[in-house]
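In: Everything below, folded, please.
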Amino acid sequence: MLGLIVAGETVFALPFHVARFFRPIVLDVFALSATQLGTVQGVYGVVAMLAYFPGGPIADRFSARRLLSTSLWMTAAGGLYMASFPGYREMLILWGLFAITSILLFWAALIRATRDWGGVDEQGRAYGILDSGRGILAAGMASIGVMALSTAFPDGYAAAGAQERAEGLRMVIYGYTFVTAVAGAFVWFAIPDQMTVPDRGADAPAQVRASAVADVLRVLRLPVVWMQAAIVFCAYVGYKGFDNYSLFAVQGYGLDEVEAARVVTYGSWMRPVAALGAGLLGDRFSVSRMTLIAFVLLLASNLFFAFTTPVPGATWILLVNILFACTAFFGLRGLYFALFEEARVPVIVTGTAVGVISVIGYAPDVFITWVAGVLVDRSPGVAGHQHFFMFLATFAALGVLVSWGLKRQLGSETPATRGLSRS
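Out: Next up is the predicted model:
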């Protein structure tokens, strides 16, 4: 599990963490507009959507150890190029490559290995521990990055020259690159080639299986898979909104760029608590019920930011609501794949189901950052951010409706009426 945690977070550090925690600095040093950065990350989303689908059957047939290690080393190689501060067009290509390295051979293998680790009765615990551990790692790396920037800019970011700003960000990128490469080596030794699947009597890969096409068709016939995909989609929209919080802190609440990174990092520390807590509560009270509660909390947080006027200097108001939002969407990250067992999605097609769900569920990678950039650039200042939070609230409300519907369906159906089994 430690190997899965390390792999699961470090592979996304370069394509996501740098822009999330240090967004205003990235826009400055790379000379990008918010819309351009959104387009770069949109390219990642498009390529990722194409990669999720074949990645599922690959994960059902090949060793997680080899897939995860290879992905980490390829991503680290991209980080070396990123530290050279490529131009806008080159960044479009680089983020497309990041999508291949972090998704095609990686994502479904990670989720499948986690489900195997959790067995039949502790899926909430398994995914809660995974995302909680990932959250600790992400927040720790971000905190170190903020400390490094604070040291690099002792008189504040605004007082630093262009060269000093570039060198400070390069230091952060190199740090993330080094951690990603080392993670690949650790995973190679920590994760076995063949996972032992508790409570199921045998390794899932050892079971007689149909063709990849048959697996896909089997998964597509399951209504719960489509509902789960919608839940992941709505939850991921909320999570992607987190990327814009540091820019909102600067433009709405008047924080310095480094102070904004620090506030967002505080929010990221809610991830280990929220993910693990939601997972354990899901095992206790049902995953579908906790999913519904998390969406209600996320909706309330987005509506608060959408319809209140920021008070410059009122950092505590910003921080408190960020903590509420983080509790909701980080809790959802510890829950939505744990729905597999409650919905009785067959174990043998877990990787394929992950691929199908991820094509839909992670589609927000294509457009959320771009939408945020367009709204903020079109209505500079607080208004653009409020429009974006209204946009996020719409999907949170949709998540409430879908999770409520899934909870009702799972409560009214039996395994026999669903036509499913765990094998």
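
In: Downstream of the host helix or strand of residue 186, the next helix or strand is which one?
Out: Residue 186 belongs to helix 162-190 when assigned by DSSP states H and E. Of the helices and strands lying after helix 162-190 in sequence (DSSP H and E), the nearest is helix 212-220.

In: And the next helix or strand past that next one?
Out: helix 223-241.

In: who's in contact with residue 217?
Out: By Cβ atoms under 8 Å, 6 or more residues apart in numbering, the contact list for residue 217 is empty. (Glycine included, C-beta is placed from N, CA and C.)

In: how close does it get to residue 356?
Out: As judged by Cβ to Cβ, to the nearest Å, residue 217 and residue 356 stand 10 Å apart.

In: buried stuff in the stretch of helix or strand residue 49 belongs to?
Out: For residue 49, the host element (DSSP H and E) is helix 34-61. For helix 34-61, the neighbour count (16 or more other Cβ atoms under 10 Å) marks 34-49, 51-53, 55-60 as buried.

In: sorry, back to before: who does the helix holding residue 186 touch, helix- and strand-wise?
Out: helix 2-10, helix 18-21, helix 23-29, helix 64-82, helix 123-152 (3 or more Cβ pairs under 8 Å, 6 or more residues apart in numbering; DSSP states H and E).

In: neighbouring contacts of the third one?
Out: By Cβ under 8 Å, 6+ apart, the residues outside helix 23-29 that reach it are 18-19, 32-34, 37, 85, 149, 157, 165-166, 168-169, 243-244, 246-247, 250, 257, 260-261.

In: And for the shortest one?
Out: Contacts to helix 18-21, defined as Cβ under 8 Å, 6+ apart, come from residues 26, 37, 41, 82, 142, 145-146, 169, 172-173, 176, 242-243, 246, 261, 264-265, 268.

In: give me that answer again for 6 Å
Out: 26, 142, 243, 261, 264 (Cβ atoms under 6 Å, 6 or more residues apart in numbering).

In: hmm, back to that, now the helices and strands packed on helix 162-190 in a markdown table, please, with extra columns for distance to residue 221, mean neighbour count and mean pLDDT.
Out: As requested, these are exported to a markdown table (distance: least, Cβ to Cβ, whole Å; neighbours: other Cβ atoms under 10 Å; pLDDT from 0 to 100):
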| stretch | distance to residue 221 | mean neighbour count | mean pLDDT |
| --- | --- | --- | --- |
| helix 2-10 | 29 | 23 | 91 |
| helix 18-21 | 37 | 24 | 81 |
| helix 23-29 | 42 | 20 | 86 |
| helix 64-82 | 26 | 21 | 93 |
| helix 123-152 | 22 | 22 | 81 |
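
In: picking up where we left off before, which among the contacts of helix 23-29 end up buried?
Out: Looks like these have 18-19, 32, 34, 37, 149, 157, 165-166, 168-169, 243-244, 246-247, 250, 257, 260-261 buried, using 16+ other Cβ under 10 Å.

In: which among the contacts of helix 18-21 gets closest to residue 407?
Out: Closest approach to residue 407 among the contacts of helix 18-21 (Cβ to Cβ): residue 243, at 29.2 Å.

In: what's the angle from the helix holding residue 49 to helix 212-220?
Out: Inter-element angle recorded for helix 34-61 and helix 212-220: 110 degrees (by axes from the mean of the first three to the mean of the last three Cα atoms, to 10 degrees).

In: pLDDT (mean, whole number) over helix 34-61?
Out: In this model, helix 34-61 has a mean pLDDT of 84.

In: now do stretch 172-187
Out: Averaged over stretch 172-187, pLDDT sits at 92.

In: can you list contacts of that stretch?
Out: 3, 6-7, 10, 13-14, 68-69, 72-73, 75-76, 79-80, 82-83, 145.

In: Buried ones in that stretch, by neighbour count?
Out: Buried residues in stretch 172-187 (16+ other Cβ under 10 Å): 172-173, 175-177, 179-181, 183-184, 186-187.

In: List the contacts of residue 117.
Out: 1, 126.

In: mind checking the SS state of it?
Out: With DSSP: H, G, I helix; E, B strand; the rest coil as the basis, residue 117 sits in helix.

In: for the stretch 151-300 of the chain, which spans come out with low pLDDT?
Out: For the stretch 151-300 of the chain, residues meeting the criterion pLDDT under 70 lie at 154-159, 194-212.

In: now with 50?
Out: Counting by pLDDT under 50, the stretch 151-300 of the chain contains low-confidence residues at 197-209.

In: quick revisit: using a markdown table, lay out the helices and strands packed on helix 162-190 together with distance to residue 382.
Out: Shown next, in a markdown table, are the helices and strands packed on helix 162-190 (distance: least, Cβ to Cβ, whole Å):
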| stretch | distance to residue 382 |
| --- | --- |
| helix 2-10 | 32 |
| helix 18-21 | 21 |
| helix 23-29 | 16 |
| helix 64-82 | 32 |
| helix 123-152 | 25 |
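
In: among those helices, which is nearest residue 225?
Out: Here helix 123-152 is closest among the helices and strands packed on helix 162-190 (Cβ to Cβ), at 15.6 Å.

In: Run through the neighbouring helices and strands of that closest one.
Out: helix 2-10, helix 107-118, helix 162-190, helix 257-268, helix 270-285 (3 or more Cβ pairs under 6 Å, 6 or more residues apart in numbering; DSSP states H and E).

In: ok, the closest residue to residue 88 other than its chain neighbours to residue 27 distance?
Out: In space, residue 88 comes closest to residue 36 once its chain neighbours are excluded; the distance is 5.8 Å by Cβ to Cβ, 6 or more residues apart in numbering. Noted for residue 36: a distance of 9 Å to residue 27, by Cβ to Cβ.

In: OK, contacts around residue 78?
Out: Residue 78 makes contact with 94, 97-98, according to Cβ under 6 Å, 6+ apart.

In: For residue 85, which three-state class applies?
Out: coil.

In: For it, give me phi and psi.
Out: phi 60, psi 60 (degrees, to the nearest 10).

In: Can you tell me how far it is from residue 30?
Out: 6 Å.

In: how many neighbours does residue 12 have?
Out: 19 (other Cβ atoms under 10 Å).

In: Please tell me how far it sits from residue 133.
Out: From residue 12 to residue 133 the distance is 14 Å (Cβ to Cβ).
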